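Enquirer: Fold the following, please.
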Amino acid sequence: MTIKHFMNFMESKRPADVREVELMNGCDFYDVPVVDYADATVLVDDNDEVYAIGGVQEVVEDGFKLNYVWMLCTGMVERHQTAFLRAARELLKVYLDKYTHLENWVWLGNEQHVKWLKWMGAYFYDVRQVNGEDFQCFVFAKKDDK
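Expert: The predicted structure follows:
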């Protein structure tokens, strides 16, 4: 990701995505260190306009390897949903070639985010409260690794 991409993202980020980060992390979005985005993948269109930034964070919790997939979008995804979803689906294929599974929690108040995850084939599991809001676990898995 370039500084230009990051600035473009910051100028047009989706408010629901910002709120989701704040709820999950329990802090102001602008307090998240920039270094947390250093390895982000950027989805851009032919004009180099940013649709989204995201990535996979590998962690080990209680002896289990987890691959937390994340994506923060700009307003471009709402104006060009078909192009965004096609690109996101291709990126998901790339990630699932590298990782056997991907998971995270989605804020149920981010209805567009939930809709896109369902369209992309996520499996949904437990619901839990985080900072007073409902989040649901979602998983993407290789077809033979559900």
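
Enquirer: Which residue of the chain lies farthest from its centroid?
Expert: For the chain, the largest distance from the centre (C-alpha atoms, centre = their mean) belongs to Gly63, which lies 24.0 Å off.

Enquirer: all strands for the protein, in order.
Expert: Taking DSSP state E as the criterion, the chain carries its strands at 41-44, 50-61, 64-73, 101-107, 123-130, 133-141.

Enquirer: avg pLDDT for the shortest one?
Expert: To tie it back to what came earlier, the one meant is strand 41-44. Throughout strand 41-44, pLDDT has a mean value of 94.

Enquirer: List the buried residues for it?
Expert: Under the neighbour-count criterion of 16 or more other C-beta atoms under 10 Å, strand 41-44 has Val42, Leu43, Val44 buried. Glycine gets a C-beta too; all of them are placed from N, C-alpha and C.

Enquirer: any residues touching that strand, and which ones?
Expert: If you take C-beta atoms under 8 Å, 6 or more residues apart in numbering as the criterion, strand 41-44 is touched by 1-2, 5, 9, 50-55, 84, 87-88, 91.

Enquirer: Counting neighbours, which of the residues you listed end up buried?
Expert: Counted by 16+ other C-beta under 10 Å, the contacts of strand 41-44 give 1, 5, 9, 50-55, 84, 87-88, 91 as buried.

Enquirer: So what touches stretch 82-95?
Expert: 41, 43, 45, 51-52, 54, 56, 69, 71, 73, 76-77, 102, 116, 119-120, 140.

Enquirer: gap between the longest helix along the chain and the chain center?
Expert: Taking DSSP state H as the criterion, the chain has its longest helix at helix 81-98. Chain-centre distance of helix 81-98: 12 Å, with C-alpha atoms, centre = their mean, to the nearest Å.

Enquirer: Show the contacting residues for the residue most central in space within the chain.
Expert: Central residue of the chain (C-alpha atoms, centre = their mean): Met71, 2.1 Å from the mean position. Residues near Met71 by C-beta under 8 Å, 6+ apart: Ala52, Ile53, Gly54, Ala88.
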